[in-house]
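Q: starting from these lines, generate the structure:
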Amino acid sequence: MGLERRRLVLRSLSLAVTVVSVAAGGLTTAVDHRNDLGQTIGEAMANVEDFETRQLVVDDGKVVVVVDGDEAMLEGDVVPMTTMVSSLFEIKTKRSINKSGQLVDTNQLGDLFSQQSIAETSTTKEQDNITRLRPSNSNLNCKGNCNVGVHGESRRLYIVYLGDVKHGHPNDVIDSHHDILSIVLGSKEDSLASMVHNYKHGFSGFAAMLTEEQAKQLAEFPEVISIEPSRTHTTTTTRSWDFLGVNYQMPSELLHGSNYGEDIIIGVVDTGIWPESRSFSDKGYGPVPSRWRGVCQVGQGWDRNNCSRKIIGARFYTAGVDEEDIHKAEYLSPRDYDGHGTHTASTAAGSVVEAASFHGLATGAARGGAPRARIAVYKSLWTTADGRNAAGSTASVLAAIDDAIHDGVDVLSLSLSSAENLFGALHAVQKGITVVYSAGNSGHRPQTVGNTAPWVITVAASKVDRSFPTVITLGNKQQIVGQSLYYQGKNSSSSSFRSLAYRGQCTTDALNGTDLREKIVLCASPISTTTVEDVKDAGGSGLIFVQDTTDILSGTDCKGFPCVLLDTDTGKKIAKYFVAARSPVAKIDPTRTITGKETLAPKVAAFSSRGPSTEYADIIKPDIAAPGANILAAKGDSYEIMSGTSMAAPHVAGIVVLLKALHPKWSPAAIKSAIVTTEGSPRKIADPFDYGGGHINPNKAADPGLIYDIDPSDYNYFFSCNIKNTSSTCNATSVPGYHLNLPSISVPELRYPVTVSRKVTNVGEVDAVYHATIQSPPGVKMDVEPPVLVFNAANKVHTFHVKLSPMWKLQGDYTFGSLTWHSGQKTVRIPIAARITVYDFYADVA
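A: Here you go, the predicted structure:
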């Protein structure tokens, strides 16, 4: 339709649409300001996910939708309301402007119509002063609550995967989804009512509310590759970048050569972002890259001015999320209430902020690994009603990945747990996007690692050379050093001795009815928010918790109240003093910050999830370790210390951005190979199931010498998605995963000799000779052929073979080794894991 503009006006309550005018610019829809009709449109708009429009204007009692679409309706046409809604599902906006020129959230349109007024948004730097435009009868998505079918059957959200996109235009993809779903549900109207998300850019599929029987019927369609219920995903700096050798004041070749990641676009799938943070300043940035195709979706506490040359795009996803499950103060917009997404985004790509600290602790320059990168925000996780966590659905995460592919991101960072390996990440990798996931926080138990698909980079968490010693002085002048984030307020008095009380496990019952006034309480239990509040309420002066090492200090931020962690050995020293002293007393001094050689690092964090993968035992996971313990980064308008593999993943994502800028033609597999094969191992008795290739070394990864590259289509041969039932997860391995050209080898069932091939590409000096150094796993004989690789201008790629032979006949556990290629100063190392077996399906539990 070119530059034509078409105007649709809803003229009556008969739910019909008449096209009344043609102008230049794009499709325009005017909606009469009437309660029931407006409510219908508002609900329809709220349920639709994404499309190409730019704004929705409220003017003189009418709502005008301005769309960059290409509709075929002609002037004078009368179109049923269902057709109009169908069009809106394909070309709908969530950007809206009120009479004052401000933007509001179209999720609220139904209420806007019925209230005959428009609420105005206001944005300040203080979170508590932001007006949250929560509708009086708001419903994030009726499908989150409409869980009963027409015949009383319970319905739930299912993900239907259809593989690659087979149509040229997204609207045609959506039509194909409704064609399939309509057959099962009986009509296009029922299909529209059931649909929650359409995946139409990077891959084809949809999320819909279905009964179990309807899901089984859909599984029988030849187009349907898999169908499964949507699941829940949950969330899992100043010193860390210096520790990694990425110092912006003395830029390395990686930082300088990549120009700090300039104009590389990183997509962050998380809890949103706090745009006013100094970490997201766009001062000195040029125009948004012309290849960017994303949008700035508005909502509560977020208008178009919150996007910038730094935060170049923002979306949020509420479909499939029950309002009752979300915290009442949460923003229905890309704005971050939880703080997790702001922390991860600033860690990966935050601008440089001098003199950042957490109440004087961890003082330094806060910045991301790629401080000149652009950020695209995809809010898919929401603060839970109890405020303890953030969570979102598979359907929303897949929608975010699909949009990110369409929008043009170069890197995706996802600091979230996953019960399954999302096929969306595979399609992103096949489009050239490197995908980085966190490994999970269920350590230090084995077989707890998540996000184990071979096409993503899975990141374990490590500690850096910084600690927060907190001195406890006992009445006998003995000093015990614990760890804490204890700071004193500006008007606080200096530390003094207080009576020491011991309350065992410090349960509520143990604390009730006891005199704790002006006392420091010793607890033989892990730190607990409930315990802290109970002791505060009872007038206590401080808390000492004796617990196993967790490497997590964020819980010790007790808002200026002393909360100190001790391990068992040091805790026993206080216990002995308490028993021996007639009137035991103690004093807790404020925490200090120590960096450098006084702290043993790197070290795998205790909480970091370990391998092997329960789904892909023939692939070593996690892939790499990066700083994730006690990381300072942005949260709201300030900076806070957080721990988790959620903090480790954006460290790797930031490094991926730098590598992408330095080597724009490298594939995701090449980037992963460079990171895994150039590590610096943690100083800990550990193995590749703790840290994968080792601890990340960004500067060596910039010039790895050799890479193990993978054609993205190869993943299809190893990991097929052809199980036809409602519980399939696209995880069926058709060929052993160790035959994939990964920068690691894992053979979980070594009963007979196994030969594995690998192919390496020279990306270093043209003329180079590499020699193999073998470290065989104990009990395994390892041979490499050929042992020498000669590269030149005519021979840039070589294949070699690794033969693993069991030397013992026993039911063993995993043992570990490595293969390293040396050429001068270059070393290219891959980890190797093998388990000798005698029996099938042997449960090693006793």
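Q: what's the helix or strand hosting Val521 packed up against?
A: In this structure, Val521 sits in strand 519-523 according to DSSP states H and E. In terms of contacts (3 or more Cβ pairs under 8 Å, 6 or more residues apart in numbering; DSSP states H and E), strand 519-523 is packed against strand 498-502, strand 542-546, helix 568-580. C-beta here means a position set from N, CA and C on the backbone, and glycine is covered the same way.
Q: quick one, helices of the stretch 501-650 of the chain?
A: 508-511, 529-537, 568-580, 645-662 (DSSP state H, counting those that start in this stretch).
Q: tell me where the stretch 651-800 of the chain has strands.
A: Along the stretch 651-800 of the chain, the stretches classed as strands by DSSP state E, counting those that start in this stretch are 706-707, 719-720, 732-733, 745-750, 754-762, 768-775, 780-785, 788-791, 797-806.
Q: what would those look like in a markdown table with mean pLDDT, mean neighbour count and distance to His739?
A: Listed next are the strands of the stretch 651-800 of the chain as a markdown table, based on pLDDT from 0 to 100; neighbours: other Cβ atoms under 10 Å; distance: least, Cβ to Cβ, whole Å:
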| stretch | mean pLDDT | mean neighbour count | distance to His739 |
| --- | --- | --- | --- |
| strand 706-707 | 96 | 26 | 18 |
| strand 719-720 | 58 | 20 | 12 |
| strand 732-733 | 50 | 14 | 10 |
| strand 745-750 | 93 | 22 | 10 |
| strand 754-762 | 97 | 18 | 6 |
| strand 768-775 | 96 | 15 | 20 |
| strand 780-785 | 96 | 16 | 16 |
| strand 788-791 | 97 | 17 | 20 |
| strand 797-806 | 97 | 17 | 11 |
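Q: please convert these to TSV, extending it with distance to Pro664.
A: What follows is the strands of the stretch 651-800 of the chain, written out as TSV (distance: least, Cβ to Cβ, whole Å):
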stretch	distance to Pro664
strand 706-707	15
strand 719-720	27
strand 732-733	32
strand 745-750	29
strand 754-762	16
strand 768-775	23
strand 780-785	32
strand 788-791	22
strand 797-806	20
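Q: show me the one of the ones you listed that comes nearest Ala391.
A: strand 719-720 (26.7 Å; Cβ to Cβ).
Q: how many other residues sit next to the closest residue to Phe280 other than its chain neighbours?
A: Using Cβ to Cβ, 6 or more residues apart in numbering and skipping the chain neighbours, the partner closest in space to Phe280 is Lys310 (5.0 Å). For Lys310, the neighbour count with other Cβ atoms under 10 Å is 23.
Q: for stretch 706-713, buried residues please.
A: By neighbour count on 16 or more other Cβ atoms under 10 Å, the buried set for stretch 706-713 is 706-710, 712.
Q: which among those residues gets closest to Thr394?
A: Of those, the one sitting nearest to Thr394 (Cβ to Cβ) turns out to be Pro712, at 22.2 Å.
Q: wouldn't that closest one be in contact with Ala428 here?
A: No - using Cβ atoms under 8 Å, Pro712 is not in contact with Ala428; the gap is 9.8 Å.
Q: still on that earlier bit, as JSON lines, the helices of the stretch 501-650 of the chain with mean pLDDT, distance to Leu740 and mean neighbour count would be great.
A: Below are the helices of the stretch 501-650 of the chain laid out as JSON lines (pLDDT from 0 to 100; distance: least, Cβ to Cβ, whole Å; neighbours: other Cβ atoms under 10 Å):
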{"stretch": "helix 508-511", "mean pLDDT": "82", "distance to Leu740": "53", "mean neighbour count": "14"}
{"stretch": "helix 529-537", "mean pLDDT": "85", "distance to Leu740": "44", "mean neighbour count": "17"}
{"stretch": "helix 568-580", "mean pLDDT": "89", "distance to Leu740": "43", "mean neighbour count": "14"}
{"stretch": "helix 645-662", "mean pLDDT": "94", "distance to Leu740": "20", "mean neighbour count": "30"}
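Q: pull out the buried residues from stretch 662-680.
A: For stretch 662-680, using 16+ other Cβ under 10 Å, the buried residues are 662-663, 666-679.
Q: so of those, which two are at opposite extremes in space?
A: Ser667 and Glu679 (19.8 Å).
Q: what about the helices in the stretch 151-300 of the chain?
A: 170-185, 188-194, 212-219, 240-243, 253-258.
Q: any stretches of the stretch 301-450 of the chain with poor pLDDT?
A: 418-421 (pLDDT under 70).
Q: could you pull out the helices for it?
A: Taking DSSP H, counting those that start in this stretch as the test, the helices found in the stretch 301-450 of the chain are 340-349, 394-407, 423-430.
Q: the shortest one: how far from the chain's middle?
A: If I follow you right, that is helix 423-430. Chain-centre distance of helix 423-430: 15 Å, with Cα atoms, centre = their mean, to the nearest Å.
Q: could I get the buried residue list for it?
A: 423-430.
Q: one more: stretch 828-838?
A: For stretch 828-838, by 16+ other Cβ under 10 Å, it's 828-837.
Q: so for that stretch, mean pLDDT?
A: The pLDDT scores in stretch 828-838 average 91.
Q: okay, it in PDB with CA atoms only?
A: The C-alpha trace of stretch 828-838 is given here as PDB (Å, rounded to 0.1, in the frame of the first residue of the first chain):
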ATOM      1  CA  VAL A 828      45.000 -24.400  23.100                       C
ATOM      2  CA  ARG A 829      43.600 -26.700  25.800                       C
ATOM      3  CA  ILE A 830      40.400 -28.700  25.900                       C
ATOM      4  CA  PRO A 831      39.200 -30.700  29.000                       C
ATOM      5  CA  ILE A 832      38.500 -34.400  28.700                       C
ATOM      6  CA  ALA A 833      36.200 -36.500  30.900                       C
ATOM      7  CA  ALA A 834      35.700 -40.200  30.800                       C
ATOM      8  CA  ARG A 835      33.800 -42.800  32.900                       C
ATOM      9  CA  ILE A 836      34.700 -46.500  32.600                       C
ATOM     10  CA  THR A 837      31.600 -48.700  32.900                       C
ATOM     11  CA  VAL A 838      30.800 -52.400  33.100                       C
END
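Q: begin at 50, not 1, for the rest of this chat.
A: Okay, using 50 as the starting number, the last item reads as stretch 877-887.
Q: want to throw the helices of the stretch 200-349 of the chain into TSV with mean pLDDT and mean neighbour count?
A: Shown next, in TSV, are those (pLDDT from 0 to 100; neighbours: other Cβ atoms under 10 Å):
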stretch	mean pLDDT	mean neighbour count
helix 219-234	95	19
helix 237-243	94	18
helix 261-268	94	18
helix 289-292	52	23
helix 302-307	74	19
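Q: need those in a markdown table (columns: distance to Leu853).
A: Formatted as a markdown table, the helices of the stretch 200-349 of the chain follow (distance: least, Cβ to Cβ, whole Å):
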| stretch | distance to Leu853 |
| --- | --- |
| helix 219-234 | 45 |
| helix 237-243 | 51 |
| helix 261-268 | 39 |
| helix 289-292 | 35 |
| helix 302-307 | 35 |
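Q: looking at those helices, which is nearest to Thr640?
A: Checked against Cβ to Cβ, the stretch from the helices of the stretch 200-349 of the chain lying closest is helix 289-292, at 18.4 Å.
Q: wait, what's in contact with Ala674?
A: 508-511, 651, 653, 657, 697, 731, 739-741, 743-745 (Cβ atoms under 8 Å, 6 or more residues apart in numbering).
Q: looking at it now. What's its pLDDT?
A: For Ala674, the model assigns a pLDDT of 89.
Q: from His392, how far off is it?
A: 19 Å (Cβ to Cβ, to the nearest Å).
Q: Ser243 contacts Met258, doesn't it?
A: Yes - between Ser243 and Met258 there is a contact under Cβ under 8 Å: 5.0 Å.
Q: ok so, going back, between the buried residues of stretch 755-762, which sits nearest Gly828?
A: Closest approach to Gly828 among the buried residues of stretch 755-762 (Cβ to Cβ): Tyr757, at 25.5 Å.
Q: thinking again about what came up before, the helices of the stretch 550-699 of the chain into JSON lines, with extra columns for distance to Gly436?
A: Below are the helices of the stretch 550-699 of the chain laid out as JSON lines (distance: least, Cβ to Cβ, whole Å):
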{"stretch": "helix 557-560", "distance to Gly436": "20"}
{"stretch": "helix 578-586", "distance to Gly436": "11"}
{"stretch": "helix 617-629", "distance to Gly436": "30"}
{"stretch": "helix 694-711", "distance to Gly436": "17"}
